[in-house]
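K.L.:
Build me a structure from this.
(one chain, ligands or ions: 1)
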Amino acid sequence: MQDIQKSGLSLKDLLKRSSIWFALSVILGGVSAICIVLQFITLAHMIDNLIFHHASLDSQKLNFFLVIIFFLLQTIARLASDLAGTKAGIQIAASLRKDLYARLQLTGPISYKNLPIGEMVNTLTEGIDNLIPYFARYIPSAAMMVILPIFILAVVVGVDIWSFIVLAITGPLIPVFMAFVGYAAQVIMDKQWHQLSILSGSFLDMLKGLKTLRLFGRAQDSLAYIEKLSDEYRKTTLSVMKVAFITSAVLEFFSSLSIAVIAVIFGTRLLAGTVDFRSAFLVLLLAPEYFMPLRNFSASYHARQNANAAIEQLKKIYELPKLISRPAYVENTNLVQEVKLQDISVQSVEGQALLQQITCSFLRDQLTIVIGKSGAGKTTLLNVLLGFLPVSCGTLEVFNTSHQEIKPEEMRLAWVPQKALMVFGTIKDNLCLGYEQASLDQIKIAAQQAGILSFIEQLPQGFDTHVGEGGKQFSGGQLRRFVLARALLRNPDVLILDEPTSGLDQENALQIIETIRTCKQDRVVIVATHNKELAAQNDVLLEIDQGRLVNQSAKGEV
Ligand SMILES: Nc1ncnc2c1ncn2[C@@H]1O[C@H](COP(=O)(O)OP(=O)(O)OP(=O)(O)O)[C@@H](O)[C@H]1O
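P.N.:
Okay, here's the model as predicted:
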């Protein structure tokens, strides 16, 4: 397991996101450490004066107040240190989450398709939450583990050399022991994380495929499988807890043993009269405090392991390739004259060739139709044009109407995908997704062109109808027309459509074909289709076979 410090998401970078709260947490921890030691020195002094030097209660008033003040100060400082640490942890987690969402957007829908969805959801939710205790508890307790024991040792060395030796020898045993236990625990925690990812992924798949499972009478089998996964996860969780219990028992044993050894040494020396009460009492008060940060550190050690497991998952998202980011609607775009692909090849993550040496041009005022058998590579080609897929070699060049080269992200693109995406909101919200400022008249024209206006107007709430989750209440054909209207409303320079007529009846398909034929004016229109009537409308016909461009013709015959 790679350490959190060595990963691309370095500890230093993450700490910087909340450096002020961190510094505050460590400083306040240090203040509380000083107050504890001062409190015990004053207490030992006061009790020794009262019992062994027969001092009056009145003469110890100042010491008494000091003890109370140091006690209050150390309690407040410790509380404030915890709060600052937690604040730092939460702040880092929030900024990391924001970063990861931005990263996923930059990556585009194709690259993260290869990451199991259950694992990704886990990473973005529990994975990031697992980092909070690491920053809130582990790091501050690691700092305290250095500050407080050294401070106590410095005080004890001036009081009693034997106690100093016992504390100096037994203290480091605890972190050394934890390192051994931690190594074994990390393996179990990685296993637990892996099982949780499989469990959530399988559960999600089962929910999505429930209709099919029920139809084939396999819902019960699927439930049994989920039950088996849950049971394995439960067992691993119990193992993790077992390790945690054993660890804390051994920790208690070590620290209690060390305190007992010191107590015995002082007891015998007190009886022999070779040590005074004040020193003995002070060392016995300080000994548990000496072990406390070591115990806290060791107890929060599992936070480090959880964080390590999470960071491995986070790295997978960070390592996804970055693609171009597009601006929202821009009023005055460079009008696109030509989109040119030169020797484009694309490989899958596994190294399989998806497209090979594609060279072609897509021109303004022309309808380019891409045909080919199912699985030939048509959608892959459209994904390259959309900037969703990184190319392994070749270039994508875009020229404006003044024949100057412009950046691909400067094209105003619109896309009608095979699977229509509807976002939570009204029909109007969905249509205006690519052009928020659209007027109702513009929306109606786009809906009319996409052949969906009369359907929308018949709905009781018209354009204000809520689409529900993923637009489930609409048919596949209706969704497709919503998405086409959305694309047309954006008034794109380049319009890309993937199977725009699939799922439509003959009448609607013909209307969409007519819309596509007429909307090519002043823009580049590219359509992948199996529909012969639509393909026959081509100005340029491209045929793809097994990832290669096998035929390219003007007004090609289908
Ligand atoms: N991201 C990816 N990783 C691995 N393989 C991929 C990826 N995208 C596409 N493929 C594979 O590339 C091939 C072409 O897929 P593509 O979706 O481009 O076909 P298509 O011509 O659009 O087919 P259809 O007409 O059925 O939609 C398929 O074998 C597909 O499994």
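
K.L.:
Next up, phi/psi of G394, please.
P.N.:
Main-chain dihedrals, G394, degrees, to the nearest 10: phi 100, psi 170.

K.L.:
For the chain, which residues are neighbours of the ligand?
P.N.:
Within the chain, the residues that sit near the ligand (Cβ under 6 Å from any ligand atom) are 110, 113, 348, 354, 372, 374-380. Every C-beta, even on glycine, is put in place using the N, C-alpha and C of the backbone.

K.L.:
Show me the helices in the stretch 301-450 of the chain, by range?
P.N.:
Along the stretch 301-450 of the chain, counting by DSSP state H, counting those that start in this stretch, helices occupy 301-318, 378-386, 427-431, 440-449.

K.L.:
Which of those comes out lowest on mean pLDDT?
P.N.:
Among the helices of the stretch 301-450 of the chain, helix 301-318 carries the lowest mean pLDDT, a mean of 78.

K.L.:
what's the distance between the residue nearest the centre of the chain and Q313?
P.N.:
By Cα atoms, centre = their mean, the chain has its centre lying nearest to L124, at 3.3 Å. Going from L124 to Q313 by Cβ to Cβ, to the nearest Å gives 9 Å.

K.L.:
Please apply the same query to S248.
P.N.:
27 Å.

K.L.:
first to last residue in stretch 168-175, what's the distance?
P.N.:
End-to-end distance for stretch 168-175, by Cα to Cα, to the nearest Å: 13 Å.

K.L.:
Show me what counts as buried in it.
P.N.:
Across stretch 168-175, burial judged by 16 or more other Cβ atoms under 10 Å covers 170-171, 174.

K.L.:
Now do that stretch, average pLDDT.
P.N.:
What stretch 168-175 shows for mean pLDDT is 79.

K.L.:
likewise stretch 194-208?
P.N.:
So the average pLDDT for stretch 194-208 ends up being 82.

K.L.:
Which positions in that stretch come out as buried?
P.N.:
Buried positions in stretch 194-208, judged by neighbour count with 16+ other Cβ under 10 Å: 195-203, 205-206.

K.L.:
For it, give me every contacting residue.
P.N.:
With Cβ atoms under 8 Å, 6 or more residues apart in numbering as the contact definition, stretch 194-208 has outside contacts at 116-119, 121-122, 126, 213, 222-223, 225-226, 229-230, 232-233, 236, 313.

K.L.:
Apply the buried test to these and list what passes.
P.N.:
Here, 16+ other Cβ under 10 Å leaves 116, 118-119, 122, 126, 213, 222, 229, 233, 236, 313 buried among the contacts of stretch 194-208.

K.L.:
Among the residues you listed, which ones are in strands?
P.N.:
When the buried ones among the contacts of stretch 194-208 are checked against strands using DSSP state E, none is located there.

K.L.:
so which of those comes closest to I152?
P.N.:
If you rank the buried ones among the contacts of stretch 194-208 by distance to I152 using Cβ to Cβ, E126 comes first, at 37.4 Å.

K.L.:
related to what we said a few turns ago, would you list the residues of the chain next to the ligand in JSON lines and tack on neighbour count?
P.N.:
Shown next, in JSON lines, are the residues of the chain next to the ligand (neighbours: other Cβ atoms under 10 Å):
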{"residue": "I110", "neighbour count": "19"}
{"residue": "K113", "neighbour count": "11"}
{"residue": "S348", "neighbour count": "13"}
{"residue": "L354", "neighbour count": "18"}
{"residue": "G372", "neighbour count": "21"}
{"residue": "S374", "neighbour count": "6"}
{"residue": "G375", "neighbour count": "10"}
{"residue": "A376", "neighbour count": "20"}
{"residue": "G377", "neighbour count": "25"}
{"residue": "K378", "neighbour count": "24"}
{"residue": "T379", "neighbour count": "21"}
{"residue": "T380", "neighbour count": "20"}
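
K.L.:
Could you work out the most separated pair of the residues you listed?
P.N.:
Applying Cβ to Cβ across the residues of the chain next to the ligand, the maximum distance is between K113 and G372, 21.0 Å.

K.L.:
now the strands: where do they sit in the stretch 251-400 of the chain?
P.N.:
336-347, 353-363, 367-371, 393-400 (DSSP state E, counting those that start in this stretch).

K.L.:
Same question for the stretch 1-150 of the chain.
P.N.:
With DSSP E, counting those that start in this stretch as the criterion, the stretch 1-150 of the chain has no strands.

K.L.:
Tell me where it is predicted with low confidence.
P.N.:
1-11, 108-114 (pLDDT under 70).

K.L.:
let's go with 50 and repeat that
P.N.:
Judged by pLDDT under 50, the stretch 1-150 of the chain has its weakly predicted residues at 1-7.

K.L.:
again, but for the stretch 151-300 of the chain
P.N.:
Counting by pLDDT under 50, the stretch 151-300 of the chain shows no low-confidence range.

K.L.:
Nearest to the ligand: which residue in it?
P.N.:
In the stretch 151-300 of the chain, no residue comes nearer to the ligand than G201, which is 17.9 Å away by Cβ to the nearest ligand atom.

K.L.:
my read is I544 is in a strand, agree?
P.N.:
Yes. Under DSSP: H, G, I helix; E, B strand; the rest coil, I544 falls within a strand.

K.L.:
nearest spatial neighbour of it, skipping sequence neighbours?
P.N.:
G372 (3.7 Å; Cβ to Cβ, 6 or more residues apart in numbering).

K.L.:
quick one: contacts for that neighbour?
P.N.:
Contacts of G372 by Cβ under 8 Å, 6+ apart are 378, 543-545.

K.L.:
ok, how many other residues are close to V346?
P.N.:
V346: 22 surrounding residues under other Cβ atoms under 10 Å.

K.L.:
OK, contacts around it?
P.N.:
353-355, 380, 384, 389-392, 547.

K.L.:
one step back: can you give me the distance of the residue of the stretch 151-300 of the chain closest to the ligand to Q105?
P.N.:
From G201 to Q105 the distance is 22 Å (Cβ to Cβ).

K.L.:
Helices of the stretch 51-200 of the chain, start to end?
P.N.:
Under DSSP H, counting those that start in this stretch, the stretch 51-200 of the chain gives helices at 61-111, 117-122, 128-129, 131-133, 139-159, 161-170, 173-208.

K.L.:
which of those is buried the deepest?
P.N.:
Ranked by mean neighbour count, the helices of the stretch 51-200 of the chain are led by helix 131-133 with a mean of 22 (mean count of other Cβ atoms under 10 Å).

K.L.:
about what we covered before: max pairwise distance over the contacts of V346: which two?
P.N.:
For the contacts of V346, and using Cβ to Cβ, no pair is farther apart than P390 and G547, which are 15.6 Å apart.

K.L.:
still on that earlier bit, find the residue closest to the residue nearest to the centre of the chain in space, skipping its chain neighbours.
P.N.:
That would be L100: by Cβ to Cβ, 6+ apart, it lies 6.2 Å from L124.

K.L.:
Same check on S163?
P.N.:
Leaving aside its sequence neighbours, S163 sits nearest to V283 (Cβ to Cβ, 6+ apart; 4.5 Å).

K.L.:
Equivalent analysis for P288, please.
P.N.:
I259 (6.1 Å).

K.L.:
Next: W415.
P.N.:
I496 (4.9 Å).

K.L.:
any idea which element the one you found lies in?
P.N.:
strand 494-498 (DSSP states H and E).

K.L.:
Packing partners of that strand?
P.N.:
For strand 494-498, the elements it packs on are helix 378-386, strand 413-416, helix 476-489, strand 524-528, judged by 3 or more Cβ pairs under 8 Å, 6 or more residues apart in numbering; DSSP states H and E.

K.L.:
That strand pairs with which strands?
P.N.:
strand 413-416 (parallel), strand 524-528 (parallel) (DSSP bridges).

K.L.:
For my notes, please list these in a markdown table and give mean neighbour count and mean pLDDT for each entry.
P.N.:
Output for those, formatted as a markdown table (neighbours: other Cβ atoms under 10 Å; pLDDT from 0 to 100):
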| stretch | mean neighbour count | mean pLDDT |
| --- | --- | --- |
| strand 413-416 | 23 | 90 |
| strand 524-528 | 25 | 96 |
